[in-house]
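Peer 1: Sequence and predicted structure are below.
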Amino acid sequence: METNPGFGHAAEVVYFPRMAPNFERRLFDLIESVSRAERDGSFSNALADSIMREFGPSLKLRSVAIFRPQGLRYEPTYCAGEPLWDVVDGSLSTRTVQRRLQGQLWWVQRGLKRVTPQQTEWFDLILIPVARNLQFIIGLLTNSLAGDEGEERETTFHVMGQLIRLFVDRHHQRQRLQEILTLARQQQLSLLQPELPRIPGFQVAGVSLPNQEVGGDYFQVIKLAPDLFALALADAKGKGFEAAVQVTGLHAGLRVVSETPFKVSHKVGLLNRSLAQGDEMRNLVSLFYAELDTQGRLLYVNCSHPPPFVVRAGGVIEELPDGGMFLGLSPDSIYRIGIFELRPGDVLVVYSDGWSELFNDQGEEFGADRLRETLRQVHRWEPQAVIDLIQASCDQFRGEAPYQDDRTLLVLKRDG
């Protein structure tokens, strides 16, 4: 017998451990990649196509549509996927949709039924408001979210809704006044350490190159005790003034938590909550944070940041991926600690994605794999020589194409 899953609102978010690895980063990169289409008015259509193409099979999406108010109802004006929108009933009246979505992240209309001679199918419709005036909303038609498996997909859809809203809010509200940028640039320069602390038994070097007057990349080396040091490299997921403001807040928070006796994951959790407070959607921040003792023991948390490379003897390269999601996405995010040992001669390379997401004149991406291959020879190299090698490799690859993003490196080598 058929059972109707029913109607209702989205439940409170519960983060499941089986969410696809780096899902939030993949989605954010996807949204960034289609942003250029907004210039000719096709941003919303390109976004629908991309979501359907990249996440349709894994999330059991059947169709993605762009809804706009037309008279007394919201109607799909563009669809990607299967032509199933006849299942949407009269509850999508303009008045109902605006009442459900005003000030909300999303609304789930559950229990949509489609009967054919072959079968009966149940669907749920997720509506995500994009424009604040609700003149543009995204509809995701998915197989029913009932059951444990559907509950896990619902969690992923919630993250998707947060990232879509965040991106568009940021994209439409930029104000770049030159005098403000000049002041912000001076402020940001004051955050950079004129000289990195000396770590006994190690050599360390770093560089940060903003793509505009100010940027969203940041790194620090902080002495916590005579034999303990904190390493941090962050990337606010945006450009210019807004990203720089977010980095300034992160800097202040990092200085506060570094004075606490808490474990690494607790410190990162405090930083995350400081960036995720309030109702206003703000930039996300990817962060690699580690605490290193002079014996080479490294405790770290990677918050949706490109995994740093460790180059060992013989060109063996390992990565440091353990952690959790972007800072600022949810105050309830949980972070895992990674444990690693740096051996004599090992070289640690922490980088922002401005290096790996570099394109040449042919539209090819430099990529993390090419960066990895560039580093195979650098076991026992001095940190500054590693930085120079990465810069030269990227310059040679890009040709005449410009850099499109901030670029930061923090390189550390254990002596011996």
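Peer 2: All right, it came through fine. For clarity, every value in this text was computed on a predicted model and none was experimentally measured.

Peer 1: pull the longest helix from the chain.
Peer 2: For the chain, the helix with the greatest residue count under DSSP state H is helix 147-172.

Peer 1: which parts of that helix are buried?
Peer 2: 150, 152-170 (16 or more other CB atoms under 10 Å). All C-beta spots, glycine's among them, are computed from the backbone N, C-alpha and C.

Peer 1: Go ahead and measure how far it is from the middle of the chain.
Peer 2: 12 Å (CA atoms, centre = their mean, to the nearest Å).

Peer 1: With stretch 290-300 instead?
Peer 2: 25 Å.

Peer 1: Now it: average pLDDT?
Peer 2: Stretch 290-300 comes out with an average pLDDT of 97.

Peer 1: now stretch 387-400
Peer 2: On average, stretch 387-400 scores 95.

Peer 1: cool, and stretch 273-283?
Peer 2: 68.

Peer 1: Okay, now the unreliable bits of this protein?
Peer 2: Counting by pLDDT under 70, the ranges of the chain that qualify are 1-25, 28, 31-42, 89-91, 132, 167-194, 212-215, 238-245, 277-282.

Peer 1: how about the helices in it?
Peer 2: Secondary structure of the chain (DSSP H): helices located at 23-34, 43-59, 94-101, 147-172, 178-191, 240-257, 264-276, 353-356, 367-374, 383-398.

Peer 1: most packed of those?
Peer 2: Highest mean neighbour count of these: helix 353-356, a mean of 22 (counted as mean count of other CB atoms under 10 Å).

Peer 1: circling back to that earlier point, show me what the longest helix of the chain is packed up against.
Peer 2: Judged by 3 or more CB pairs under 8 Å, 6 or more residues apart in numbering; DSSP states H and E, helix 147-172 is in contact with helix 23-34, helix 43-59, strand 120-129, strand 137-143.

Peer 1: between the ones you listed, which gets nearest to Q246?
Peer 2: Closest approach to Q246 among the helices and strands packed on helix 147-172 (CB to CB): helix 23-34, 14.5 Å.

Peer 1: isn't V247 right next to Y218, touching?
Peer 2: Yes - V247 is within contact range of Y218, at 4.6 Å (criterion: CB atoms under 8 Å).

Peer 1: sorry, back to before: switch the helices of the chain over to a markdown table; also include distance to Q70.
Peer 2: Shown next, in a markdown table, are the helices of the chain (distance: least, CB to CB, whole Å):
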| stretch | distance to Q70 |
| --- | --- |
| helix 23-34 | 24 |
| helix 43-59 | 15 |
| helix 94-101 | 8 |
| helix 147-172 | 21 |
| helix 178-191 | 40 |
| helix 240-257 | 34 |
| helix 264-276 | 36 |
| helix 353-356 | 40 |
| helix 367-374 | 43 |
| helix 383-398 | 46 |
